[in-house]
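Chemist: Need the 3D shape of this:
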Amino acid sequence: MTLSTLFVPTFKRLGTALLIASLGLSFTAAQADDSSIVIRGNDGWLFPGWGSLTEVDSRGIEASTQLIKDAQQALAARQVQLQVLVLPDKTLFYQDKLPAGKSLSPQVQQRYQTILGSLRKAGIPAFDDAAVLAQVKKAGQEVFYRTDQHWTQPAADATAVATAEQIKRDVPSLKGTAGSGMTLGSEFKERRFGDLAERFLTPEQRKQTGRETFTVRRQAAAGGLLDAAPAPVHVTGHSMVQPYFGYPQKLSNALDRPVSVNWKPGNVGQWIMLLEYLESADFKQNPPQVLVWQMFEPTYAQGPQATGLWDNASIMSADAWRTRLRNAIGH
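Modeler: Okay, here's the model as predicted:
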């Protein structure tokens, strides 16, 4: 579960004239005082309450990997390489901030590696982002915001660089021209409540928790013609990869090529996000060389039929999802 669908940009071209969008926040799944939705930890740390701290759905993980394999094979027939980006859970890095009586079971502590192992066994490219973020944290930078479910800019940047390294290794000849990547703008600070505090705490709880400082990049001054260039790399995912947190801009900069992105906040799930892109005119007219499909560790095991977890418009059987996948790709 992520942010709900108040603010839904899709197929945004990330050239030099990107407008950095404000973060849209709207939750309808729970009232602000529903303690089951947010975990109030130590030192004002907040955690999303929709991922299990004790159980791992191993069968669900394998079923999801099989669907991803189907997508990989279908895309390969169109000369599109699929790369899966699994982002680790916030609790993995801040176990000491969980409240008394709550801790990660040994199985959940290994859940991210279990997912990576499943992907690698299936021959699906995916790097260890938990290791990448661990190095960021070791260097003294936070990887998630204290009162928000989302990652920080240093975490997004480091992941973008690792993604670019994997793409360059696997697809050494990207289309496009040198100099067409995004120029990164200067940074500014924004003081506010994180989404978990803003939407799920009472006014008194928010006052006790306090605001925090978010780092955001301004739009670069350069601009213009590069925005029309076809993007050899496309990113599809949820609100973690929206431009506000900086991942797609940094990826474009690191690749020195345009990058396009479609994302939605809300409990829509990764399955419908991929289909929306593949069924779009953008994909049909300009299929990328590389498609980065972003997923999230706590929800990886939830298939397209996960009733009660995804919104109603996103629910479908695995067979229905496969049919739409193949119809969209044309194979």
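Chemist: Just give me the neighbour total for the residue nearest to residue 82 when sequence neighbours are not counted.
Modeler: If the residues on either side of it in the chain are set aside, residue 82 comes closest to residue 72, at 4.4 Å by CB to CB, 6 or more residues apart in numbering. Backbone N, C-alpha and C define where each C-beta goes, glycine included. Applying other CB atoms under 10 Å, we find 21 residues neighbouring residue 72.
Chemist: okay, residue 72: pLDDT?
Modeler: Looking at residue 72, its pLDDT stands at 98.
Chemist: helices or strands next to the strand or helix carrying residue 254 in the packing?
Modeler: Element membership for residue 254, per DSSP states H and E: helix 247-255. For helix 247-255, the packing partners by 3 or more CB pairs under 8 Å, 6 or more residues apart in numbering; DSSP states H and E come out as strand 12-14, helix 153-170, strand 233-237, strand 259-263.
Chemist: Look up how far residue 245 lies from the nearest residue to residue 196 once chain neighbours are set aside.
Modeler: Closest residue in space to residue 196, ignoring its immediate chain neighbours: residue 46 at 4.2 Å, by CB to CB, 6+ apart. With distances taken as CB to CB, to the nearest Å, residue 46 is found 17 Å from residue 245.
Chemist: do the same with residue 100
Modeler: Distance from residue 100 to residue 245, by CB to CB: 31 Å.
Chemist: out of these two, which sits in the busier spot?
Modeler: Using other CB under 10 Å, the more surrounded residue of residue 100 and residue 245 is residue 245, with 25 against 7.
Chemist: Please read off the pLDDT at the more buried one from the model.
Modeler: 95.
Chemist: give me every residue that touches it.
Modeler: Remark: with contacts taken as CB atoms under 8 Å, 6 or more residues apart in numbering, residue 245 is in contact with 150, 151, 152, 153, 156.
Chemist: In terms of secondary structure, what does the helix or strand that contains the residue nearest to residue 82 contact?
Modeler: Secondary structure assignment for residue 72, by DSSP H and E: helix 58-76. For helix 58-76, the elements it packs on are strand 81-87, helix 111-121, strand 290-296, helix 318-329, judged by 3+ CB pairs under 8 Å, 6+ apart.
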